[in-house]
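**Q** Need coordinates for the below:
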Amino acid sequence: MRLLPLALSVDPVACFGKMDGRGQIGGSCRFCGQQSVVRQEPISCTEAGSKRAKDAAAQACAFCQLVRHLERPAIDREASLIWLPEMTQAALNRVAWRMFRILVPERNKVVGVNAARTGKEPAAGAAALHQALRDLACVAAKELGTSSPSELGEVLLKLPSEIYARRAQSLGGIRLLPHGLFFVGGRDVFASLCSGGHEVARRDHRAGGEYDRDGVRQPRV
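**A** Residues are numbered from 1 along each chain as shown. Next up, the predicted model:
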């Protein structure tokens, strides 16, 4: 499957990514390729580099919705800007899904100090990775002048169309790091996205399906 370009964007007029139930269950995100067993919503991508009618709105995971909609009301709680030129935004989103599917179930648990030191506790490793990535926000602030997605969104909204079209090149290694939050109607629904994936994956596994416990599609053997 050909992935669509994924650049930090604003689209207040055609903001489809609202988890309104119009998306399909399962499949893969058209922007990062993340396989999912939970609902992915259609978002506008008419300026994402595709002129084909079927690409006017494409299925997108929650993290790619954040990237494409920096005008979201709670975007500064949902994510932050970091400097990570070594990794594409699509790759970062896939890593973030893996990371939060470990972290979300552990949010109400205490990870032992010894486990964190030895690295035997998966949640400790995921938490350390997330903190290391969040620390890159200070580098983004130096490079860009801010680590706030909403501030960048405000600037993008004011850009002439010809300059806006070149934003990916201008922003260079600036990436959007998800925080494991996704607000719909003022309520964080991210945990349900992760837990839903786990539950369906477990059912599919018992039925001989092709999803692992992290909700990632596995090839049949």
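
**Q** residue ranges with poor pLDDT in this structure?
**A** Under the criterion pLDDT under 70, the flagged ranges of the chain are 1, 13-26, 36-56, 107-120, 195-221.

**Q** can you pull out the helices in this protein?
**A** 62-68, 75-78, 89-103, 113-118, 122-134, 137-144, 149-158, 161-164, 167-171, 190-206 (DSSP state H).

**Q** how about the ones you listed, which one is nearest residue 5?
**A** Set against residue 5 and scored by Cβ to Cβ, the helices of the chain come closest in helix 167-171, at 7.3 Å. Where C-beta positions appear, they are placed from N, C-alpha and C, glycine not excepted.

**Q** got a list of contacts for that closest one?
**A** Residues outside helix 167-171 that contact it (Cβ atoms under 8 Å, 6 or more residues apart in numbering): 5, 7, 8, 9, 144, 156, 159, 163.

**Q** Now it - C-alpha only, PDB.
**A** Only the C-alpha atoms of helix 167-171 are listed here, as PDB (Å, rounded to 0.1, in the frame of the first residue of the first chain):
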ATOM      1  CA  ARG A 167       6.200  23.400   5.200                       C
ATOM      2  CA  ALA A 168       7.700  19.800   5.400                       C
ATOM      3  CA  GLN A 169      11.000  21.000   3.900                       C
ATOM      4  CA  SER A 170      11.000  24.200   6.000                       C
ATOM      5  CA  LEU A 171      10.300  22.300   9.300                       C
END
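
**Q** Could you list the buried residues of that helix?
**A** Residues 167, 171 are the ones in helix 167-171 that count as buried (16 or more other Cβ atoms under 10 Å).

**Q** How about stretch 168-188?
**A** For stretch 168-188, a neighbour-count test (16+ other Cβ under 10 Å) marks 171, 173, 174, 175, 176, 177, 178, 179, 180, 181, 182, 183 as buried.

**Q** which residues does the second one contact?
**A** What it means is residue 173. Residue 173 makes contact with 83, 84, 85, 86, 143, according to Cβ under 8 Å, 6+ apart.

**Q** rewinding a little: which among the contacts of helix 167-171 end up buried?
**A** 7, 8, 9, 144, 156.

**Q** Quick check: the last one touching residue 164?
**A** Yes. In this structure, residue 156 is within contact of residue 164 by Cβ atoms under 8 Å, at 6.3 Å.

**Q** number of nearby residues for residue 66?
**A** Using other Cβ atoms under 10 Å, residue 66 has 26 other residues around it.

**Q** what are the bridge partners for the closest residue to it other than its chain neighbours, then?
**A** Among residues not flanking residue 66 along the chain, residue 79 sits closest, at 5.2 Å (Cβ to Cβ, 6 or more residues apart in numbering). Under DSSP bridges, the beta-bridge partners of residue 79 are residue 178.

**Q** how far away is residue 122 from residue 167?
**A** Computed as Cβ to Cβ, to the nearest Å, the residue 122 to residue 167 distance reads 36 Å.

**Q** err, residue 31, not the other one
**A** 16 Å.

**Q** Same question for residue 80.
**A** On the measure of Cβ to Cβ, residue 80 and residue 167 end up 18 Å apart.
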